[in-house]
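>>> Predicted model and sequence follow; I will ask about them next.
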Amino acid sequence: MELSFKKIYFFLIVGISIISACLQGASDIPPVAENDEGAQHMVRVLISQKDAEGGVWLLESLSPMYLRAFDVSLGRYRRYRIEQHRIEIFYKAGSFIINGKRFSNVQFELMPSEGKRLLFEGKEYEGSFIFCVHNESCLVISYLSLEKYICSVLKSESWPGWPLEVNMVFAVACRSYVVAKMLQARKKKLLYDVKNTNIHQTYQGFHTQESLKKAVAHTRGLILTHKKKPVMAMFDSCCGGIIPAHMHGVNFDHAPYLARQAACNYCKDSKLYRWKLEIDQHELENLLQCKGLNVTALSDIVISKKDKAGIVQEITICGNNKILKVSGKKLYSWLKPLKSYSYIVKKRSRKIIFSGTGYGHHLGMCQWGAHAMVSEGYRCPEILGFYYPGTQIMKLRC
């Protein structure tokens, strides 16, 4: 008998606190003991999604694993011990198959022994894994505490060799972002909160970087809020010195804390501040043709529209007696080597040359700018206040 969506959703949110009602003020950032876990808010990270009949997953552990699933006949959850150190899981004909044994549940939770970790597709992960079937897809969801998630994310989203104060800034921003996404996901009754890629935040499992663990410990439970609600604290590598409030097409009414009126000049000495991309005319023509634009004999390419911030809004392309217009966002998504939305473009002979500033989407915190601010003596609360104006640091409670 299959579980209903309502039961699946209930299973996934058991034990999760209502975060928006659990905040307290935090005017500064005091150190927190390493063993103080704080609020055990749980994050659900989608790490794999495949067609229901086409997914195969491998998990390993040096110690016994445990499987938790709802037993319909008993009307409660049961826990099973798995002695094998390596298991293969796939879904077929309405059931999961685990090491050749059919398992009738359409969802279950796989947990390591206490204090241990699971190896999934070559990477170690803390917490447990939830396997479920929804809308003809198999989802694999990493389920772990907020603080362990932030520690993992910092390995990919920050710079481990940078000073502690910088990584404390990053920890608060990453935690704020995922808490906002958690509340959003629960409101929409989604089965997961975030994906494990840079669509949200890059999450690659367990690591041993002590400096990053220390940054998480020193900021445990701290998030940025606006009107006592967690903010979607976006950030990029280098903002290029633009003023975000001047950007067109951003809903600043929804996220006023992203409408920074002051230019960040702190990143100007970064190696990412200025960039140049040179591509062959034929390469660009092929790219445009692959996207459905019939462009040959490209004769010119110019920026026909920018916003007040200097962000490219529209590009005009001339070729084979045609004039085509492409949005800046589309070209950025098509031409992967473009590093930002702020640039100029010139055609010289058969070369197309882009020259720009910044690395990323230009919204929220500038990581290289934050690094420079720390070098100039600024502390974590001041940096966050600069990049996210109108916000307040608050602390999650159990």
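It's in.
>>> Touching stretch 253-264 from outside, list them.
Residues from elsewhere that reach stretch 253-264, judged by C-beta atoms under 8 Å, 6 or more residues apart in numbering: 224, 226, 231-232, 234, 239, 241-245, 250, 252, 363-364, 366, 369, 386-391. Backbone N, C-alpha and C define where each C-beta goes, glycine included.
>>> what's the offset of it from the middle of its chain?
When C-alpha coordinates are averaged (C-alpha atoms, centre = their mean, to the nearest Å), stretch 253-264 and its chain have centres 20 Å apart.
>>> Alpha carbons only: can I get it in CSV?
What follows is stretch 253-264, C-alpha atoms only, in CSV (Å, rounded to 0.1, in the frame of the first residue of the first chain):
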residue,chain,number,x,y,z
ASP,A,253,9.9,45.9,-2.7
HIS,A,254,10.1,42.2,-1.8
ALA,A,255,13.8,42.4,-0.8
PRO,A,256,14.6,46.0,0.3
TYR,A,257,17.8,44.8,2.0
LEU,A,258,19.3,44.1,-1.4
ALA,A,259,18.8,47.7,-2.6
ARG,A,260,22.2,48.9,-1.4
GLN,A,261,22.6,52.6,-2.3
ALA,A,262,26.3,52.8,-1.7
ALA,A,263,28.9,51.4,-4.2
CYS,A,264,31.2,48.7,-2.9
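>>> pLDDT weak spots in this structure?
The chain contains residues with pLDDT under 70 at 1-40, 160, 398.
>>> Do a quick rundown of the helices in this structure.
All helices of the chain, identified by DSSP state H, fall at 5-13, 146-157, 164-187, 210-218, 281-290, 328-334, 367-375, 380-387.
>>> follow-up on the earlier one: now a PyMOL select for only the buried ones of the contacts of stretch 253-264.
A single PyMOL command selects the buried members of the contacts of stretch 253-264 (16 or more other C-beta atoms under 10 Å):
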select buried, resi 224+226+231+232+234+239+241+242+243+244+245+250+363+364+366+369+386+387+388+389+391
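>>> Reformat the helices of the chain as CSV; add distance to residue 306.
Shown next, in CSV, are the helices of the chain (distance: least, C-beta to C-beta, whole Å):
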stretch, distance to residue 306
helix 5-13, 44
helix 146-157, 29
helix 164-187, 28
helix 210-218, 37
helix 281-290, 20
helix 328-334, 8
helix 367-375, 22
helix 380-387, 23
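>>> so residue 276 makes contact with residue 351?
No: under the criterion of C-beta atoms under 8 Å, residue 276 is not in contact with residue 351, lying 11.3 Å apart.
>>> Looking at these two, which one has more neighbours?
In terms of neighbours (other C-beta atoms under 10 Å), residue 351 is the more surrounded of residue 276 and residue 351; the figures are 13 against 10.
>>> ok, what's across the strand from the more buried one?
Each beta-bridge partner of residue 351 is listed here: residue 280, residue 348, as defined by DSSP bridges.
>>> That one and residue 279, how far apart?
7 Å (C-beta to C-beta, to the nearest Å).
>>> one step back: looking at the helices of the chain, spot the one closest to residue 102.
Closest to residue 102 of those is helix 5-13 (C-beta to C-beta; 19.4 Å).
>>> what number of residues lie near residue 332?
By the measure other C-beta under 10 Å, the count of residues near residue 332 is 17.
>>> make that residue 209, sorry
Residue 209 has 16 neighbours, counted by other C-beta under 10 Å.
>>> dump the residue contacts of the residue nearest to residue 242 when sequence neighbours are not counted.
Residue nearest to residue 242 in three dimensions, not counting chain neighbours: residue 309, with 4.7 Å by C-beta to C-beta, 6 or more residues apart in numbering. Contacts for residue 309 (C-beta under 8 Å, 6+ apart) come out as 242, 243, 244, 245, 246, 247, 248, 342, 362.
>>> For the last one, give me phi and psi.
So the one you mean is residue 362. With angles defined as degrees, to the nearest 10, residue 362 sits at phi 80, psi 0.
>>> How many neighbouring residues does it have?
Residue 362 sits with 27 neighbouring residues when counted by other C-beta under 10 Å.
>>> For it, give its distance to residue 82.
If you go by C-beta to C-beta, the gap between residue 362 and residue 82 works out to 48 Å.
>>> do the same with the fifth one
Using C-beta to C-beta, one gets 57 Å for the distance from residue 246 to residue 82.
>>> Could you do residue 91 as well?
Between residue 91 and residue 82 the computed distance is 18 Å (C-beta to C-beta).
>>> the more surrounded of the two?
Set side by side, residue 91 and residue 82 show more neighbours around residue 91, with 23 against 16, by other C-beta under 10 Å.
>>> which residue ranges form the strands in the stretch 201-350 of the chain?
Under the criterion DSSP state E, counting those that start in this stretch, the stretch 201-350 of the chain contains strands at 222-226, 229-230, 235-236, 274-280, 298-306, 312-319, 322-327, 343-348.
>>> TSV for those, including distance to residue 162?
Listed next are these as TSV, based on distance: least, C-beta to C-beta, whole Å:
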stretch	distance to residue 162
strand 222-226	19
strand 229-230	25
strand 235-236	14
strand 274-280	21
strand 298-306	33
strand 312-319	30
strand 322-327	35
strand 343-348	27
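>>> which residues touch residue 148?
126, 127.
>>> same question, the one 10 residues further on
Under the criterion of C-beta under 8 Å, 6+ apart, the neighbours of residue 158 are 166, 167, 170, 171, 174, 212, 215, 367.
>>> and if we set it to 6 Å?
Contact partners of residue 158, counting by C-beta atoms under 6 Å, 6 or more residues apart in numbering, are 167, 170.
>>> For residue 60, the count of nearby residues, please.
Number of residues near residue 60 (other C-beta under 10 Å) recorded here: 15.
>>> Tell me, how many residues neighbour the closest residue to it other than its chain neighbours?
Excluding the flanking residues, the one nearest residue 60 by C-beta to C-beta, 6+ apart is residue 119, at 4.1 Å. A count of nearby residues for residue 119, using other C-beta under 10 Å, gives 18.
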